[in-house]
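[1] Kindly return the folded structure for what I paste below:
(one chain, ligands or ions: 1)
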Amino acid sequence: MTIVVTGASGKLGTAIRDAAAERDIETIACSRSLDGSIEPAELERHLEERTPAAVIDVSVPERTHEVIDACVATKTPLVIGTTGFAVEASERFDRASEQIPLLKASNFARGVHALETLVREAVGLLESYDIELTETHHNRKRDAPSGTAKSLLETIEAERELDDRVFGREGHQPRSDGNIGVHVRRAGSIHGEHEILLAGNDEALTITHRAESRRVFAAGALDSARWLADRPAGRYAFSEVVAEQ
Ligand SMILES: NC(=O)c1ccc[n+]([C@@H]2O[C@H](COP(=O)([O-])OP(=O)(O)OC[C@H]3O[C@@H](n4cnc5c(N)ncnc54)[C@H](OP(=O)(O)O)[C@@H]3O)[C@@H](O)[C@H]2O)c1
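    Just a heads-up that it's a prediction; the model follows:
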């Protein structure tokens, strides 16, 4: 199997190329800066000529939009791991998925998939408890809160039928019923931590996921590409990959 990695010079792009080499998956790097990689402007031509099984995009949102165009033009399956899109981007993913198989995941860790399930259940069981979410990432991360945090917030809000996020607190800011506190920390080289705190009735429950290496994301991205390669056009989720592999 051959896959193209866009954003190949980045931290996650590098981890994906390393993990692919261990699995005997051939990768074609697409990047502005990596020696021997294909130029982003040349992506469409290379997809046309080399017909890879899929593209894995782990770049920046502005680049991802160009990658979508190239994949749609060449009917190449696309796995998007990039985060930090505007809300409207989801419609663009939907439109593209009418023509190609497209899987977008803000987190390729299987443990985060389990975390989503546990959080949904705990929030449902502890109806009146206060909820605070804290996420921590390395000091180079561009978007905040993380894509995973946003996804967890949507899960909580769907379960609680409310939407009242409070981002950090300062000064006189007492907690209101139904607030969901959101806290973002950026420091060092931390790969990614997400903690949900539920507190009430003289007790507190925390559920935490910690990525210990980027290898966990690389493995999930490659599993997704393999799973997506032979699918018909449509919008897919990482939960479907986890359910079947
Ligand atoms: N889904 C997941 O499980 C998961 C896990 C971790 C991270 N992520 C996401 O994956 C994306 C990449 O993360 P990363 O840690 O690998 O980031 P990174 O190290 O900054 O790499 C991003 C790459 O994108 C390229 N790029 C294109 N246009 C750019 C621009 N205008 N400014 C800066 N870089 C640009 C750069 O490559 P060239 O300059 O060589 O083209 C860069 O190496 C982020 O959105 C991150 O949140 C997802």
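[2] For this protein, which residue occupies the most central location?
    Centroid-nearest residue in the chain, with CA atoms, centre = their mean: S106, separated by 1.3 Å.
[3] what pLDDT does that residue get?
    Each residue has a pLDDT score; the one for S106 is 94.
[4] One more: E161?
    Predicted confidence (pLDDT) for E161: 86.
[5] any chance you could map the strands in the chain?
    2-6, 26-30, 54-57, 78-80, 101-104, 130-137, 165-167, 180-186, 193-200, 203-210, 234-236 (DSSP state E).
[6] Save those as TSV, and put in distance to the ligand and mean neighbour count too.
    C-beta: built from backbone N, CA, C; applies to glycine. Below are these laid out as TSV (distance: least, CB to the nearest ligand atom, whole Å; neighbours: other CB atoms under 10 Å):
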stretch	distance to the ligand	mean neighbour count
strand 2-6	8	25
strand 26-30	8	21
strand 54-57	8	29
strand 78-80	8	28
strand 101-104	9	24
strand 130-137	8	21
strand 165-167	18	13
strand 180-186	12	17
strand 193-200	12	18
strand 203-210	12	14
strand 234-236	14	16
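[7] and S151, which of the ones you listed is closest to it?
    strand 193-200 (9.6 Å; CB to CB).
[8] Redo the strands of the chain as TSV? Include distance to V216.
    Below are the strands of the chain laid out as TSV (distance: least, CB to CB, whole Å):
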stretch	distance to V216
strand 2-6	17
strand 26-30	18
strand 54-57	15
strand 78-80	15
strand 101-104	17
strand 130-137	14
strand 165-167	27
strand 180-186	20
strand 193-200	13
strand 203-210	10
strand 234-236	20
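[9] and of those strands, who's closest to F93?
    F93 lies closest to strand 101-104 among those, at 5.6 Å (CB to CB).
[10] coming back round to it: the residue nearest to the centre of the chain reaches S146, doesn't it?
    Yes - counting by CB atoms under 8 Å, S106 does reach S146; the two are 7.3 Å apart.
[11] show me what contacts the residue in the chain positioned nearest to the ligand?
    At 2.0 Å from the ligand, G10 is the closest residue in the chain, using CB to the nearest ligand atom. Contacts for G10 (CB atoms under 8 Å, 6 or more residues apart in numbering) come out as S31, V58, S59.
[12] swap in P40?
    Contacts for P40 (CB under 8 Å, 6+ apart) come out as T6, C30, S31, R32, R63, E66.
[13] please redo it, this time with the cut-off set to 7 Å
    Contact analysis of P40 by CB atoms under 7 Å, 6 or more residues apart in numbering lists C30, R32, R63, E66.
[14] now that we have those, which one has the most neighbours?
    C30 (29 neighbours; other CB atoms under 10 Å).
[15] and that one, what does it touch?
    The contact partners of C30, taken as CB under 7 Å, 6+ apart, are V4, V5, T6, A8, S37, I38, P40, L43.
[16] Let me see the domain layout of this structure.
    Per automatic domain parsing, the domain ranges recorded for the chain read 2-108+214-244, 110-210.
[17] Point out the most buried one among these.
    A comparison of those by mean neighbour count, using mean count of other CB atoms under 10 Å, puts domain 2-108+214-244 on top with a mean of 19.
[18] quick one: contacts for T76?
    L47, P52, A54, V55, I100.
[19] could you dump those to TSV with pLDDT?
    As requested, the contacts of T76 are exported to TSV (pLDDT from 0 to 100):
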residue	pLDDT
L47	98
P52	98
A54	98
V55	98
I100	98
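[20] And those residues, which two are furthest apart?
    Maximum pairwise distance among these (CB to CB): 12.6 Å, between P52 and I100.
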